[in-house]
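1. Take this sequence and fold it.
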Amino acid sequence: MVVSRLLYSFAIILAGLFLGYALQALAVRGVIRLPLSIDALRKGLQRAALLVVNPVAIVGATWIVSIRDAALAALPLVGLFAIVTGGVLALGAARLLRLPPKKKGSLFCCGSFTNIGSIGALVCYMFLGEPGFALVPIYKIFEELSYYSTGFPIAKYYSGSSLAEGRWDRVKSLARDPLIIVSVSSLLLGGALNLGGLERPAIYGTVNAVFIPLQAFMLLVSVGLALRFRKVGNYLRESAVVAAIKFAAVPVLASTVAWGLGFGRIDGGLPLKVVMILSSMPVAFNALIPPSIYDLDLDLANSCWFVTTALLAIVLPVLLFVIQSF
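-> Residues are numbered from 1 along each chain as shown. Alright, predicted model coming up:
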């Protein structure tokens, strides 16, 4: 059972990325003709996953999770701590490595931006079931806010362009972003049903058994549609540093904070296990967006994404072993 869950997680991750990349490669070479442009298909998959499939899964999972412990109010702060810590450590490493500004900005993005929503959510579900998946949107409440309010401006600073331009416009736009509105509304609706004591229909468990892996698969296909393999071998040093931050430093620090907050004593340690998983995820694909739009070192960011995602082959079995030990 344990091995099957691990293999199932790998199968979804690899299948999604491979399918997306294969469609992109075949379309570019003219072997197949897609009904939409690659960019339109990628965005369509993302919106369908985040606006249709994911809300159903969030409502169903939050409906039955134990959310009555007041200490869980600190879970979003732990998530924010992990994101900020990753960025700070990356900037410190960039200084030690004496990287030029454009590489420093890219390394910061890779240290901070983390794959919580697709791979992280999938792993939480496969390892911890619906109760673990239900805590993911709570953990990541401040994710977008931190990226747009500090992540993008810091990346822009290292590009040498004006820091102030567009900063608060991006932050204010979060309140109108349908992806965020739908996600928060789903979380609130599921929480209201949970607290209201209404019993969840039995079929909802089957629905989520399909929808949770499906939303991860759709998002990973969208990532595969935008993959670019460039000069990974030229950035192994930087990739190794980011991997150490993502898979060692941040998980240890975030898990220590979670333990200190008493997460290990809640619901059999479920919130602590969620923190362990989500703080151990690889570089998010959206870490490539600031380097792209601000003319930073995109090859460095792409290399760090590829290396840390590939290292999941080692990280996930270790994570499963650690979580099973609690």
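2. contacting residues for residue 93?
-> Each residue near residue 93 by CB atoms under 8 Å, 6 or more residues apart in numbering is listed here: 107, 111, 241, 245. Bear in mind the C-beta positions are built from the backbone N, C-alpha and C, glycine included.
3. Is residue 204 in contact with residue 63, as I believe?
-> Yes. With contact defined as CB atoms under 8 Å, residue 204 reaches residue 63; the gap is 7.3 Å.
4. ok, these two, which is more surrounded?
-> Remark: of residue 204 and residue 63, residue 63 carries more neighbours, 24 against 18, as counted by other CB atoms under 10 Å.
5. That one and residue 154, how far apart?
-> For residue 63, the distance to residue 154 equals 38 Å [CB to CB, to the nearest Å].
6. do the same with residue 244
-> Distance from residue 244 to residue 154, by CB to CB: 21 Å.
7. higher neighbour count, those two?
-> The neighbour count for residue 244 versus residue 154, taken as other CB under 10 Å, is higher for residue 154 (18 against 13).
8. which residues does that one contact?
-> Contacts for residue 154 (CB under 8 Å, 6+ apart) come out as 87, 105, 108.
9. Narrow these to those in helices?
-> Of the contacts of residue 154, the ones assigned to helices by DSSP state H are 87, 105, 108.
10. Tabulate these in a markdown table, adding columns for pLDDT, neighbour count and distance to residue 220.
-> Below are the ones in helices among the contacts of residue 154 laid out as a markdown table (pLDDT from 0 to 100; neighbours: other CB atoms under 10 Å; distance: CB to CB, whole Å):
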| residue | pLDDT | neighbour count | distance to residue 220 |
| --- | --- | --- | --- |
| 87 | 96 | 26 | 24 |
| 105 | 94 | 29 | 26 |
| 108 | 96 | 28 | 25 |
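11. between those, which is closest to residue 10?
-> When the ones in helices among the contacts of residue 154 are ranked by distance to residue 10 (CB to CB), residue 87 comes first, at 28.3 Å.
12. Residue 141 versus the closest one, what's the distance?
-> On the measure of CB to CB, residue 87 and residue 141 end up 18 Å apart.
13. Going along the chain, name the helices of the stretch 101-250 of the chain.
-> Along the stretch 101-250 of the chain, counting by DSSP state H, counting those that start in this stretch, helices occupy 101-112, 121-134, 136-139, 143-146, 152-159, 167-173, 178-196, 203-224, 236-244, 250-260.
14. rank the ones you listed by pLDDT, which is bottom?
-> For the helices of the stretch 101-250 of the chain, mean pLDDT drops lowest on helix 167-173, to a mean of 58.
15. Next, the angle from the helix ranked longest in the chain to helix 203-224.
-> If you go by DSSP H, the chain has its longest helix at helix 2-28. The directions of helix 2-28 and helix 203-224 differ by 40 degrees, with axes from the mean of the first three to the mean of the last three CA atoms, to 10 degrees as the criterion.
16. Now do the buried residues in helix 2-28.
-> For helix 2-28, burial by neighbour count (16 or more other CB atoms under 10 Å) applies to 5-6, 9, 12-13, 16-17, 20-21, 23-24, 27.
17. Run the chain-centre distance for that helix.
-> Put simply, helix 2-28 sits 17 Å off its chain's centre (CA atoms, centre = their mean, to the nearest Å).
18. which other helices and strands contact the helix or strand just after it?
-> Later in the chain than helix 2-28, the nearest helix or strand by DSSP states H and E is helix 38-48. If you count contacts as 3 or more CB pairs under 8 Å, 6 or more residues apart in numbering; DSSP states H and E, helix 38-48 packs onto helix 2-28, helix 203-224.
19. Specify the angle between the last one and helix 38-48 in degrees.
-> Angle, helix 203-224 to helix 38-48, by the same axes, to 10 degrees: 160 degrees.
20. List of residues touching helix 203-224?
-> With CB under 8 Å, 6+ apart as the test, helix 203-224 has contacts from 8, 12-13, 15-24, 41-43, 45-46, 48-50, 53-54, 56-57, 60-61, 63, 117-119, 121-122, 125, 130, 133, 285.
21. May I have that helix as CSV, with CA atoms only?
-> Taking Å, rounded to 0.1, in the frame of the first residue of the first chain, the C-alpha atoms of helix 203-224 are listed here in CSV:
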residue,chain,number,x,y,z
ILE,A,203,-19.9,9.6,-2.9
TYR,A,204,-17.8,12.7,-2.3
GLY,A,205,-14.9,10.5,-1.2
THR,A,206,-14.9,8.8,-4.6
VAL,A,207,-15.2,12.2,-6.4
ASN,A,208,-12.2,13.5,-4.6
ALA,A,209,-10.2,10.3,-5.3
VAL,A,210,-10.6,11.3,-9.0
PHE,A,211,-10.5,15.1,-8.8
ILE,A,212,-7.4,15.6,-6.6
PRO,A,213,-5.1,13.6,-8.8
LEU,A,214,-6.8,15.0,-11.9
GLN,A,215,-6.2,18.7,-10.9
ALA,A,216,-2.5,17.8,-10.3
PHE,A,217,-2.3,16.0,-13.6
MET,A,218,-3.9,19.0,-15.5
LEU,A,219,-1.5,21.5,-13.9
LEU,A,220,1.5,19.3,-14.6
VAL,A,221,0.5,18.9,-18.3
SER,A,222,0.3,22.7,-18.5
VAL,A,223,3.8,22.9,-17.1
GLY,A,224,5.1,20.4,-19.6
